[in-house]
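J.: quick one: sequence plus predicted model below, questions after.
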Amino acid sequence: MNLLEMLMSAGGNAAVGQLGSRFGLDENQTMAALQQLVPALGGGLQRNIAAEGGLDGLLGALSGGNHSQYIDNPELLGNDETTAEGNGILGHLLGSKQASREVAAQASEQTGIGADILKQMLPVVATMVMGSLSKQSSAGGFLGGQGAPAQPEGLLGMLTPLLDSNRDGSVADDMLGMIGRYMRNR
């Protein structure tokens with residue numbers, strides 16, 4: 001399951017509607033924007049997980065934050081606090097404002113939606129992505145449900161789509177490559 005599918009299966013339909021209404025987009029435009037923005041955030045998530053301490057950081061953010069609120073209460077997507085939190089998430093995922101601008105510009109080329117609108121959407125979409133990951137983790141994907149310790153098979157199942165960069169169904173080769181790159185850069 002990719003991140004967009006995860007977002008939609010986490011109950012994201014209401015959040016998608018709220019997102020579109022906030023930025024004056026119809027449902028098709030909103031979905032087109034998400035189809036471009038969410039994979040870019042997924043790439044940032046992959047890079048973060050592959051970095052030293054990245055997986056621990058993600059698990060800490062998911063267990064310590066209340067990100068699922070953005071899926072459970074989509075009206076929160078209109079709040080300035082949501083945008084501020086989303087900007088913090090973007091800083092971790094994409095690393096710089098320039099990277100965010102590039103993502104928005106590329107998404108604009110693909111969707112025909114103005115880059116300025118997409119730039120404004122990006123932090124809100126980041127909170128939605130973290131919200132869907134948080135909901136998945138609380139349902140047993142990362143944390144085993146109800147705050148139970150992480151189950152390796154649940155964790156691996158959840159991370160496989162994020163870590164399997166060559167989409168062969170196995171993360172072993174991808175993890176070995178990440179470890180090799182990490183060791184070369186030390």
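T.: Yes, it's here. Numbers count the residues shown, from 1 in each chain.
J.: please make it C-alpha for all contacts and neighbour counts, starting now.
T.: Fine.
J.: how about the nearest residue to the residue most central in space within the chain, chain neighbours excluded?
T.: With distances taken as Cα atoms, centre = their mean, residue 129 lies nearest the centre of the chain, 3.6 Å away. Among residues not flanking residue 129 along the chain, residue 7 sits closest, at 6.3 Å (Cα to Cα, 6 or more residues apart in numbering).
J.: what number of residues lie near that neighbour?
T.: Residues near residue 7, counting by other Cα atoms under 10 Å, number 25.
J.: quick one: residue 26 and residue 19 touch, right?
T.: No: between residue 26 and residue 19 there is no contact, the gap being 9.7 Å when judged by Cα atoms under 8 Å.
J.: between these two, point out the one with more neighbours.
T.: Relative neighbour count places residue 19 above the other of residue 26 and residue 19, with 25 against 14, counting by other Cα under 10 Å.
J.: contacting residues for that one?
T.: With contacts defined as Cα atoms under 8 Å, 6 or more residues apart in numbering, the neighbours of residue 19 are 30, 77, 78, 121, 124.
J.: same deal with residue 15?
T.: Here residue 15 is in contact with 70, 71, 73, 74, 75, 77, 128 (Cα under 8 Å, 6+ apart).
J.: among those residues, which two are most distant?
T.: With Cα to Cα as the measure, no two of the contacts of residue 15 lie farther apart than 75 and 128, at 11.8 Å.
J.: still on that earlier bit, name only those of the contacts of residue 15 that count as buried.
T.: Buried subset of the contacts of residue 15 (neighbour count, 16 or more other Cα atoms under 10 Å): 70, 71, 74, 75, 77, 128.
J.: of those residues, which is the nearest to residue 96?
T.: Looking at these and their distance to residue 96, the nearest is residue 128, at 19.3 Å (Cα to Cα).
J.: quick check: the closest one touching residue 70?
T.: Yes: judged on Cα under 8 Å, residue 128 makes contact with residue 70 at a distance of 6.0 Å.
J.: what residues are up against residue 121?
T.: Each residue near residue 121 by Cα under 8 Å, 6+ apart is listed here: 19, 23.
J.: so the nearest residue to residue 85 once chain neighbours are set aside, which state does it fall into?
T.: Counting by Cα to Cα, 6+ apart, residue 85 lies nearest to residue 127, which is 7.2 Å off, once chain neighbours are set aside. The assignment at residue 127 comes out as helix when based on DSSP: H, G, I helix; E, B strand; the rest coil.
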